[in-house]
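*Asks:* Curious how this folds, go ahead:
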Amino acid sequence: MAIKPLQDRIVVEAAAKEEKSAGGIILPDTAQEKPLKGTVLAVGPGKRLDSGQLSAVDVKVGDVVLYGKYGGTEVTISGKDYVILRSDDVLGVVID
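*Replies:* This is a model prediction of the structure:
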């Protein structure tokens, strides 16, 4: 991957869309919902505060995070889909 996030941004590889419903029905592309979780691939250094100090990002590479439906910016690089989020757009970290 050739993306280096700046400030408090995070690069996330979105989870695969659900192709089957819970009852086993195959869903067409138009009925599939956008995934709301993904794996963190890169994290920026943090946001610079007014005082000049650097505020670190709360997630790290490898974390599985949940984010809002309309949060972030979707980009495609080399045929793979990524989402670039601000740390504020992350709703939580999935703990197994």
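*Asks:* Point to the residue nearest the middle of the protein.
*Replies:* Most central in the chain under Cα atoms, centre = their mean is residue 12, positioned 3.4 Å from the mean C-alpha point.
*Asks:* Now it. Nearest residue, chain neighbours left out?
*Replies:* Closest residue in space to residue 12, ignoring its immediate chain neighbours: residue 38 at 4.0 Å, by Cβ to Cβ, 6 or more residues apart in numbering. Where C-beta positions appear, they are placed from N, C-alpha and C, glycine not excepted.
*Asks:* Which strand residues bridge the one you found?
*Replies:* Beta-bridge partners for residue 38, by DSSP bridges, are residue 14, residue 65.
*Asks:* Would you enumerate the residues in contact with it?
*Replies:* Counting by Cβ atoms under 8 Å, 6 or more residues apart in numbering, residue 38 makes contact with 12-15, 64-65, 67, 83.
*Asks:* cutoff 7 Å now
*Replies:* 12-15, 65, 83 (Cβ atoms under 7 Å, 6 or more residues apart in numbering).
*Asks:* how near is it to residue 96?
*Replies:* Residue 38 sits 15 Å away from residue 96, going by Cβ to Cβ, to the nearest Å.
*Asks:* quick one on the thing from earlier: three-state assignment of the residue nearest to the centre of the chain?
*Replies:* strand (DSSP: H, G, I helix; E, B strand; the rest coil).
*Asks:* That one contacts residue 86, doesn't it?
*Replies:* No. Judged on Cβ atoms under 7 Å, residue 12 makes no contact with residue 86 at a distance of 11.4 Å.
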